[in-house]
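S.K.: please work out how this folds:
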Amino acid sequence: HSVFDVLAATIAVLAPSGRIGVLGFAGGGMIAPLRGLGVESVIDSVDLDRAGFDLFRQHCPEWVGGVNWQQADALAWLREQPRAFGLLLDDLSVPQDGDVFKPAISWNVLPKLMRQRIRPGGFGVFNLLPASSGTWKSDLKGIVALFKAARIIALDDFENHILITGDTLPSTRELGSQLRQSLTRLRSRQAGRIQVRAV
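M.R.: Okay, the predicted model is just below:
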């Protein structure tokens, strides 16, 4: 019933061809709903903190083989990758003063590099949280400008917004319907708690 359900449903609906890359792995909370929706693609992931991956490996050993995880800085890792991603997800976050924010690179550096590493017809997905500056909605314009099409998913239960970008995307109505169907398959409460709109 979390944001991870919506991220997994987004990937399942977009059905990208090519590599799937996830920047920021945490404890792998997206893997269970992703597999539950039938997405069997290998996930390439990177995170600075190893603790979450160690927990994932301990508690979900049957899924470890489907995850290529590296402990590294996301920006440095992505710079070394070819332009082969069908989908790249920015799920990075940093703790600060008892809250969680997007790191500055998620607004001003990473989106451009992600765009360069996504193959034609691929997608960029951004799990957005407020920037520590509090200006994240205006910063959104800089990300959207890099792509031909964009949709944003608002969640009733969370302050996160999920930005989906690409060369072409389903209409807001079609995307919303497909996401709700996928979330219903997961029996996730988020099926009735999302709104999709154009940007």
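
S.K.: tell me where the longest helix sits in this structure.
M.R.: Assignment by DSSP state H gives helix 172-185 as the longest helix of the chain.

S.K.: contacts for stretch 180-197?
M.R.: Residues outside stretch 180-197 that contact it (Cβ atoms under 8 Å, 6 or more residues apart in numbering) are 1-2, 5-6, 8-9, 12-13, 33, 36-37, 151-157, 172-173, 175-176, 179. The C-beta positions use only the backbone N, C-alpha and C, and glycine is treated the same way.

S.K.: of those, buried ones?
M.R.: Burial by neighbour count, judged by 16 or more other Cβ atoms under 10 Å, picks out 2, 5-6, 8-9, 12-13, 33, 36-37, 151-153, 155, 172, 175-176, 179 from these.

S.K.: three-state assignment of the spatially most central residue of the chain?
M.R.: By Cα atoms, centre = their mean, the chain has its centre lying nearest to Leu89, at 3.4 Å. Of the three states, Leu89 takes strand according to DSSP: H, G, I helix; E, B strand; the rest coil.

S.K.: returning to that earlier point: which of the buried ones among the contacts of stretch 180-197 fall within helices?
M.R.: 5-6, 8-9, 12-13, 33, 36, 172, 175-176, 179.

S.K.: that older thread, tell me how far the residue nearest to the centre of the chain lies from Gly29.
M.R.: As judged by Cβ to Cβ, to the nearest Å, Leu89 and Gly29 stand 13 Å apart.

S.K.: return the distance of the nearest residue to Trp107 once chain neighbours are set aside relative to Asp97.
M.R.: Computed as Cβ to Cβ, 6 or more residues apart in numbering, the closest residue to Trp107 that is not its neighbour in sequence is Asp139, at 4.4 Å. Distance from Asp139 to Asp97, counting by Cβ to Cβ: 20 Å.

S.K.: would you list every one of the helices in the chain?
M.R.: According to DSSP H, the helices that the chain contains are 3-14, 31-36, 51-59, 74-79, 105-108, 110-117, 136-144, 172-185.
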